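Asker: need coordinates for the below:
(2 chains)
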Amino acid sequence: MKQRIKDLLDYYIVTKKHHQFRQDIKLEMAGEFARMELSPMARASERLMRVLDAEKPIMLVGEKIVGQRTIKKVPDIFTNTEWDEIKRKHYIHESGNVCNINPDYISTIKVGLEERKREAQKRLEKCNASCDCEKIEFLRSVIYVIDSVLGFAHKYYEEALRQDNIELAEILHQVPRYGARTFHEALQSFRILHFALWCEGDYHNTIGRFDQYMYPYLKADLEEGRLNYDAAFDLLEEFFISFNKDSDLYPGVQQGDNGQSLVLGGINSVGDDIFNLLSEMCLKASKELKLIDPKINLRVHKNTTMDVYELGTELTKEGLGFPQYSNDDQVIRGLLDKGYDLQDARNYVVAACWEFIVPGYGMDIPNIGSLSFPKVIDKCLHENLSDCEEFDLFMNCVRQQIKKECDDIAGGIKNLWMIPAPFISILMSGCIENAKDISMGAKYNNFGIHGTGLATAADSLAVIRKYVSEEKTLEPEQLIRAVDNDFEGFDELYAKLRYQAPKMGNDDDYVDSIGVKLLNAFAEALSNRKNERGGCYRAGTGSAMYYLWQADEIGASADGRKRGEAFGANYSPSLFAKLKGPISVIKSFVKPNITEAINGGPLTMEFHNSLFRDEESQSKVAMLVKSFIDLGGHQLQLNAVNREILFEAQKCPENYRNLIVRIWGWSAYFIELDKEYQDHVIKRQEYTV
Amino acid sequence: MAKGIIFDIKEFTIQDGPGIRITVFFKGCSLRCQWCHNPEGLSFEPELMVRESSCIHCGKCRIGCGHAECKSFSRCLKICPLGLVKAVGAGFDSSELAVKLKMYQDFIKINQGGITLSGGEPLAQPEFLIDLLRELKPLHTAVETSGYSSQQLFRQVAELADLILFDIKHTNPQVHRQYTGVDNEPILKNLDLLIKMGKKFIARVPLIPGVNDSAENMENTAILLRNASGLERVELMPYNLFAGAKYTVVGKKYAPSFNEKAEVCIFKEVFEKHDIKCSVL
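Answerer: Numbering: from 1, shown residues only, chains lettered A, B, ... in the order given. Down below sits the predicted model:
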């Protein structure tokens, strides 16, 4: 690591000195917009213009990739009254902004914003002829926001001149107005485009297949002698640091949940593996810098060789929770089944956490809802078990209830509306061409539903199957009473259900087969269903934060889980299950038909960091990951942890400022998490030597 | 079809042989090494394991329960609200155990791994061990052993297994007896046999401070091992302060006579000087 990178790390990450430049002003415009009765599109573009206009260019001496936020908050464009009215009439997803999206940055990086403006102007001329107001307004907004972004870049250009930084001035003169000619220019162009997205209010703005689309620039520079490896690596490291400068200002459930996902490797649209020099450099840069952004994802498949897994494991060893692995073989097949085109499916990327989306063409909302499996079981336990003691009959009730829950979730999504986003639309394929804002939809408009607590539910059903239906040692009423009383007064039953009953994750078909049935029922309940934009629904195995939130919706559960206890994160065994080991966990979790439930959601595994102490051990961890993929696993988030250290960090956070842990699809600084999230990480199973 | 008793099956053991392995821990051992970190592996009988450190003293396990499974133990095994009380030591038929272990074969095959038999002391349950080794074929098997047995038994086992992990605790017979409770003569005879058989093996030396970590003992160990064609490497295992961690769990006291905290001397170069590959775990 060069000294200047160390200095940048110290400045931006450790001491966060750049915060001093953040302005103490509060931009407000909603009231004014309301009085002027501006349309949403006009408000969105005006907001971007004003935020970028208020931005001050801050450039450190020696920086090579510039741009940092000085405006702390992106202001609302609607008053509370207006927003309430909008919510009454529409389904609003989260904050209502465009999110969880992978723009096609490179097409604009290659030709420049000036050229995109020309495109918009030409298209506008056509529109003027036919007088389509909506299209005209959109295209005008596109032109307006391009100008604001160019204005922003120009401020930095002038600052570069002022600081006599000729190299940077030349770069900022060129990009993002014109096409990038070098790797450095491409990175700087990306930074400005990405920067603008957050200022527009869009969030979970993912990075995508960076190693694929940026490689031609790197390759040309290396071949033509403009850069050598070290210089390129140095730029890459600074580029990676840039994702961490403003991220504390980005929306998310906890610090770190910002969706800056970078996807490496995997096959391209014609089926060839693209893991290249830049992929390797990204893994190495992430390993050296040890930052929580960008979030490293690695696409693998049956032909991926061990050395790639070994590079990945070297990164896992650092304890960042990177890389998260996705299996092309499963994911692509699953996406094809859901109607994605082959080329698009092959180009899949990962959204903010782990949901599978498509670059350029996807306005999927992959986290629009969540099904709590344990809630379904709880309802059926209380309402149906007494009449349906026979297990197959009871499973039918469960299936019906799953279907009903899905009906409710889907039925509740009416009149979806998103805040217009003219700038990100420029970066999404076909928006200018069709004069249609991305918030109105794209080629893909699918919805994704998480599936929370699968193991808890399977375990609960196993208890019902074994003790109520088969052995008949437990009456339905007894079980219901025990659960309702949080097992108070049911000591022996509690110990039996919690510690002796079969658990998903021990390669026990008795309970694993139930997990398979549950996921099938979920996938089926969402199949043949279209949303109002013509998209489909994708069942998933992720939980996001619902492992905490939905756990509070029910009391105790039949698997011996007490009221208030969380579910496992994403696709993993219950937190208190006594597990045989990682091999059994893998074997259990590759049994379900994952391609039918392809929204995303990784098997989550944590290894004690002593498992990474030498090359041979690391190599075996890499083999384990490869086995998971080869056996049909779809996604894996893996981390190196040390529970003792986590406890210490809770006691003395000041000593553990850089301790990073994996959450449900992103990584965080442990001490910045709320205690319930910290506790959940600690409670997770840790596989030791 | 012999019967035997084991105390654990651990998945993904990374220091017990090549590839990804599953290790079976035999219960019962005739040695009493002062540094043994598997106290539940010493006796040949099932026993109680209670994780006292997490106990909240609710007293529920001490109330008479009447369960058949709890009869031979001083606590109820089925009532602890934290799951801290269990009986360790499960009886198996060798074929039953082999079937259970063969469920891992798809995994083992794709990772060139295998099954390691450890403990406790596998050689202390000879029929069970031999039957199991036979029934596990064609899976790769490794046996982790102190080497304390008759030569006849040892030869049989060494012929059946694919790899032997052989412990060499001390070359001096008196010191060996003092710290392990047994003479090392049968062990050294079996080592010699192993070398003569040309069988693939790894020699393991637990490094116990002040007991066996002297340059002299390392030199004597190296002399025993030089020119052994089957020797893959020597693995030195520095003493770990967590060695005594499980003693209270089985109601025993950990009281080694050596100074646990003394720094261990690691004489890797002694082996390298004799052209013996040496790694420190």
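Asker: so residue B:122 is in contact with residue B:26, correct?
Answerer: Yes - with contacts counted by CB atoms under 8 Å, residue B:122 reaches residue B:26, the gap being 4.7 Å. Where you see a C-beta, it was placed from the backbone N, CA and C, and this is true even at glycine.
Asker: got any residues that touch both of the two?
Answerer: Counting by CB atoms under 8 Å, 6 or more residues apart in numbering or on different chains, the contacts common to residue B:122 and residue B:26 are residue B:129.
Asker: in chain A, where is pLDDT below threshold?
Answerer: A:685-689 (pLDDT under 70).
Asker: which residue ranges of the stretch 101-250 of chain B form strands?
Answerer: B:114-119, B:140-145, B:163-167, B:201-207, B:231-238 (DSSP state E, counting those that start in this stretch).
Asker: close to chain A, is the fourth one?
Answerer: No - against chain A, strand B:201-207 shows no contacts by CB under 8 Å from any CB of the partner chain, the least distance being 12.2 Å.
Asker: now do that strand against strand B:140-145, angle only.
Answerer: 40 degrees (axes from the mean of the first three to the mean of the last three CA atoms, to 10 degrees).
Asker: again with the first one
Answerer: Angular relation of strand B:114-119 and strand B:140-145 on a 0 to 180 degree scale: 20 degrees, by the same axes, to 10 degrees.
Asker: can you show me the helices along the stretch 1-150 of chain B?
Answerer: Under the criterion DSSP state H, counting those that start in this stretch, helices of the stretch 1-150 of chain B are mapped to B:94-102, B:105-110, B:126-136.
Asker: if we can go back for a sec, adding mean neighbour count and mean pLDDT, write the strands of the stretch 101-250 of chain B out as a markdown table.
Answerer: Formatted as a markdown table, the strands of the stretch 101-250 of chain B follow (neighbours: other CB atoms under 10 Å in any protein chain shown; pLDDT from 0 to 100):
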| stretch | mean neighbour count | mean pLDDT |
| --- | --- | --- |
| strand B:114-119 | 26 | 97 |
| strand B:140-145 | 25 | 98 |
| strand B:163-167 | 22 | 98 |
| strand B:201-207 | 23 | 96 |
| strand B:231-238 | 19 | 95 |
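Asker: residue of the stretch 1-150 of chain B nearest chain A, please.
Answerer: Going by CB to the nearest CB, chain A is nearest to residue B:11 of the stretch 1-150 of chain B, at 2.7 Å.
Asker: so residue A:631 touches residue A:589, yeah?
Answerer: No - between residue A:631 and residue A:589 there is no contact under CB under 8 Å: 9.5 Å.
Asker: compare these two (neighbour count), which wins?
Answerer: Taking other CB atoms under 10 Å in any protein chain shown, residue A:631 and residue A:589 do not tie; residue A:589 has more neighbours (30 against 16).
Asker: got phi/psi on that one?
Answerer: Torsion angles at residue A:589 (phi, psi; degrees, to the nearest 10) stand at phi -90, psi 0.
Asker: surely it is in contact with residue A:568?
Answerer: No - with contact defined as CB under 8 Å, residue A:589 and residue A:568 do not form a contacting pair (10.8 Å).
Asker: now do the buried residues in stretch B:97-112.
Answerer: For stretch B:97-112, burial by neighbour count (16 or more other CB atoms under 10 Å in any protein chain shown) applies to B:97, B:98, B:101, B:104, B:107, B:108, B:111.
Asker: which among these are in contact with chain A?
Answerer: Among those, proximity to chain A is found for B:104, B:107, B:111 (CB under 8 Å from any CB).
Asker: now render those as TSV, adding pLDDT and distance to residue A:405.
Answerer: Listed next are those as TSV, based on pLDDT from 0 to 100; distance: CB to CB, whole Å:
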residue	pLDDT	distance to residue A:405
B:104	95	37
B:107	92	35
B:111	90	40
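Asker: so which of those would you say is closest to residue A:94?
Answerer: Closest to residue A:94 out of these is residue B:107 (40.8 Å), distances taken as CB to CB.
Asker: which non-adjacent residue is nearest that closest one?
Answerer: Among residues not flanking residue B:107 along the chain, residue A:583 sits closest, at 5.5 Å (CB to CB, 6 or more residues apart in numbering or on different chains).
Asker: lowest-confidence stretch among the helices of the stretch 1-150 of chain B?
Answerer: Mean pLDDT is lowest for helix B:105-110 among the helices of the stretch 1-150 of chain B, at a mean of 91.
Asker: other residues contacting that one?
Answerer: Counting by CB under 8 Å, 6+ apart, A:583, A:586-587, A:627, A:630-631, B:19-22, B:113-115, B:139-140 sit against helix B:105-110.
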